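Participant: Build me a structure from this.
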Amino acid sequence: MPWQLLESFHLFTVLTLCCLLGYWLLLRSAPGETQARAMALPAGKVHFKASEEWREVLPHHVLPNGLEIRFDLASGRNFARLGGSQSTGSRSDGSDEASVVKLLCDAATWGKQERVEQALQSCHFRPELLSAPLAEAAGRGHLEVSQALVTARADPLGKGPKGVTALHRAVMEGHEEVAQVLLRQCHALGVENPLAVEDDLGRTCLDCAIEQDLHGVARRLKALEAATEVESEVPPTQLRSISVD
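Facilitator: Numbering: from 1, shown residues only. This is a model prediction of the structure:
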């Protein structure tokens, strides 16, 4: 009986060691995931996108190592840029994407052009993340903010809740000048017939305009799209002025 207990104890010890070894090998096989978890940022914090130019450091920024820091005592503002040993910009692991989107959406909602441009310059983002802040700006008629986001390659047809796009938001609220900017951006991105894009209810942006009794807006946008299509098809030497009034 004693040797049977001893044999069972040895078997249990071997099995335990095998489990520990397997767990260690599993962690070794996924270093990227472990590193990503370790680099996760607190809510509201975003990675600072450094460059060779001085950029202002804002309270929500988390700075990478190796940057040159400058303190402006007169204004109380802080600035940072890449140090001499760094030849490329800092990188983000994507853990701050939700915070970047919220930061841009908050600024876009209130039409804070300077804050939006600061975030675009100093934060990491993928162009597809800009659809939400563009929809906020377009729906409130903030032209300058919409232009800044479009310049940063925001997609006017990126779908938000219920499939509504920034173009839908601008048109249904009657912000015609913003809608024109978005429509031109769609053509610049090579999108064909952007006015035909539907939301989850099957409505185009023109349908939304008609629902709001904005028939004039719908008519002028259709004319603008037709004029833009003509310009893209006709050689530059044959272009003529086309009225969209």
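Participant: Show me the shaky parts of this structure.
Facilitator: With pLDDT under 70 as the threshold, the chain has low-confidence stretches at 1-40, 85-90, 230-245.
Participant: do that again at 80, thanks
Facilitator: For the chain, applying pLDDT under 80 flags the ranges 1-41, 84-92, 229-245.
Participant: Let me see the contact set for the spatially most central residue of it.
Facilitator: Nearest to the geometric centre of the chain sits Leu129, at 2.3 Å (C-alpha atoms, centre = their mean). Contacts for Leu129 (C-beta atoms under 8 Å, 6 or more residues apart in numbering) come out as 97, 100-101, 104. For glycine as for every other residue, the C-beta is placed from the backbone atoms N, C-alpha and C.
Participant: So which of these is the closest to Gly158?
Facilitator: Of all these, Gly158 sits closest to Val101, with 11.7 Å by C-beta to C-beta.
Participant: of the contacts of Leu129, closest to Lys49?
Facilitator: Here the nearest of the contacts of Leu129 to Lys49, counting by C-beta to C-beta, is Val100; it sits at 10.0 Å.
Participant: The closest one touches Ser122, doesn't it?
Facilitator: No - Val100 lies out of contact with Ser122 (C-beta atoms under 8 Å); the separation is 10.1 Å.
Participant: With neighbour numbers in mind, choose between these two.
Facilitator: Set Val100 next to Ser122 and count neighbours by other C-beta atoms under 10 Å: Val100 wins out with 24 against 20.
Participant: Tell me how far the residue nearest to the centre of the chain lies from Ala74.
Facilitator: In this view, Leu129 and Ala74 are 35 Å apart by C-beta to C-beta, to the nearest Å.
Participant: cool, and Glu229?
Facilitator: Where Ala74 is concerned, Glu229 sits at a distance of 53 Å (C-beta to C-beta).
Participant: more neighbours, the two?
Facilitator: In terms of neighbours (other C-beta under 10 Å), Glu229 is the more surrounded of Glu229 and Ala74; the figures are 13 against 5.
Participant: That one: helix or strand, and which one exactly?
Facilitator: helix 215-233 (DSSP states H and E).
Participant: what does stretch 171-180 rub up against?
Facilitator: 137-143, 146, 167, 170, 205-206, 208-209, 211-212, 214, 217-218, 220-221, 224.
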